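> Provide a 3D model corresponding to the input given below.
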Amino acid sequence: MFIDTHCHLSREDYADIDKIIEYNKKADVDKIVVSGCSRESIDEVMNFKDKYDMVYVTIGYHPEYADNVREKDLDYLKDLLSEKKVVGIGEIGLDYHYTKDNKDKQIWLFEEQLKIAESLNLPVVIHSRDATMDTINTLKKYNVRGIIHCFSGSLETANIYIKMRFMLGIGGVVTFKNSKLKEVVEKIPLESIVLETDSPYLAPVPYRGKINSSKYLDIICRFISNLKNISYEELAEITSKNASRLFDFNK
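Purely as a prediction, here's the structure:
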């Protein structure tokens, strides 16, 4: 029923991956798209996709690794993108929250991966934190589509991304008491929304502050369905169709 379009799965965060997968299945989660965003996590998630039927992956280098990624790492990424169940490049993007000192390196890494996505016609999963305009201006240079992961911006920003053929990944933050995302979600089209958890981070209320899991997609779905004044089942169906329209799950 549900597709988690962005989550993280690692032995560092979860003691028993088999149990996590089983819990997901019991919670009507059909597929999870796991992000490998460092050299180490890419290797780990590639193993998970081969072991678990529900696991698909996106791989790419997160901006926090911009100082360390080299051409050889990008070549390694390219070699893996043709493998089965690798459905996109991500999460990639820009993050100025802690520092802008390496802004040029971040933009270089972002653009190199966007070039790869464009050349292979693969969707991208975008991380953008305190870097909205640079993210938008960089994306405009390339003919790519994808998801703005963990979207939390304004309605104006949402509409810019939607016009650029991007969907918005909505997760547990929408349930937070003081989140302004609710007002945005009410006004954007259903065809532009996909569900995500970003687990193990950003668990929805009432589990905020605890370890997140794809099994909590039902909470996010119920919350958004109430905002959109449609049934829980309808929202699950629409968002899953949106995800399937973007990602090639037959790969």
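> number of residues surrounding residue 238?
17 (other CB atoms under 10 Å). From N, CA and C alone the C-beta is placed, and that goes for glycine too.
> just checking, it touches residue 191?
Yes. The pair residue 238 / residue 191 is scored as a contact, 7.4 Å apart, by CB atoms under 8 Å.
> which residues in the protein form strands?
With strands called from DSSP state E, the chain shows them at 2-7, 29-36, 55-59, 86-95, 124-129, 146-148, 166-170, 193-195.
> just checking, what packs against the fifth one?
Counting contacts by 3 or more CB pairs under 8 Å, 6 or more residues apart in numbering; DSSP states H and E, strand 124-129 is packed against strand 86-95, helix 103-120, helix 132-139, strand 146-148.
> so for it, what's the average pLDDT?
Model confidence over strand 124-129, given as mean pLDDT, is 98.
> neighbouring strands - and their directions - for that strand?
Applying DSSP bridges, strand 124-129 is found paired with strand 86-95 (parallel), strand 146-148 (parallel).
> run through who's touching the shortest one.
Meaning strand 146-148. 5-6, 88, 90, 117, 123-126, 128, 161, 166-169, 194, 196, 246 (CB atoms under 8 Å, 6 or more residues apart in numbering).
> spatially nearest residue to residue 171 (excluding sequence neighbours)?
Excluding the flanking residues, the one nearest residue 171 by CB to CB, 6 or more residues apart in numbering is residue 196, at 4.6 Å.
> contacts only, for that neighbour.
Residue 196 is in contact with 4, 5, 6, 7, 147, 149, 150, 169, 170, 171, counting by CB under 8 Å, 6+ apart.
> next one: residue 214
2, 4, 7, 20, 24, 27, 29, 32, 197, 199.
> which residues does the nearest residue to it once chain neighbours are set aside bridge with?
Nearest non-adjacent residue to residue 214, counting by CB to CB, 6+ apart: residue 4, 4.2 Å away. With DSSP bridges as the criterion, residue 4 is bridged to residue 32.
> gap between residue 4 and residue 137?
30 Å (CB to CB, to the nearest Å).
> repeat that for residue 41.
Residue 41 sits 28 Å away from residue 137, going by CB to CB.
> more neighbours, those two?
For residue 41 versus residue 137, neighbours defined as other CB under 10 Å are more numerous around residue 41 (19 against 10).
> the more buried one contacts residue 9, doesn't it?
No. Judged on CB under 8 Å, residue 41 makes no contact with residue 9 at a distance of 9.1 Å.
> which residues make contact with stretch 17-26 from outside it?
Contacts of stretch 17-26 with the rest of the structure, by CB under 8 Å, 6+ apart, involve 4, 9, 11, 14, 32, 48, 52, 54, 55, 213, 214, 215.
> what's the closest of the residues you listed to residue 182?
Taking CB to CB as the measure, residue 4 is the one of the contacts of stretch 17-26 closest to residue 182, at 20.5 Å.
> ok, the closest one - contacts?
Counting by CB under 8 Å, 6+ apart, residue 4 touches 24, 29, 31, 32, 33, 195, 196, 197, 199, 214, 217.
> then residue 13?
Listed by CB under 8 Å, 6+ apart, the contact partners of residue 13 are 200, 211.
> for it, phi and psi?
For residue 13, the backbone dihedrals (degrees, to the nearest 10) come out as phi -100, psi -30.
> any idea how far residue 35 is from it?
For residue 13, the distance to residue 35 (CB to CB) stands at 12 Å.
> also residue 50?
Taken as CB to CB, the span from residue 50 to residue 35 is 16 Å.
> quick one, which of the two is more surrounded?
Comparing residue 50 with residue 35 by neighbour count (other CB under 10 Å), the higher total belongs to residue 35, at 27 against 12.
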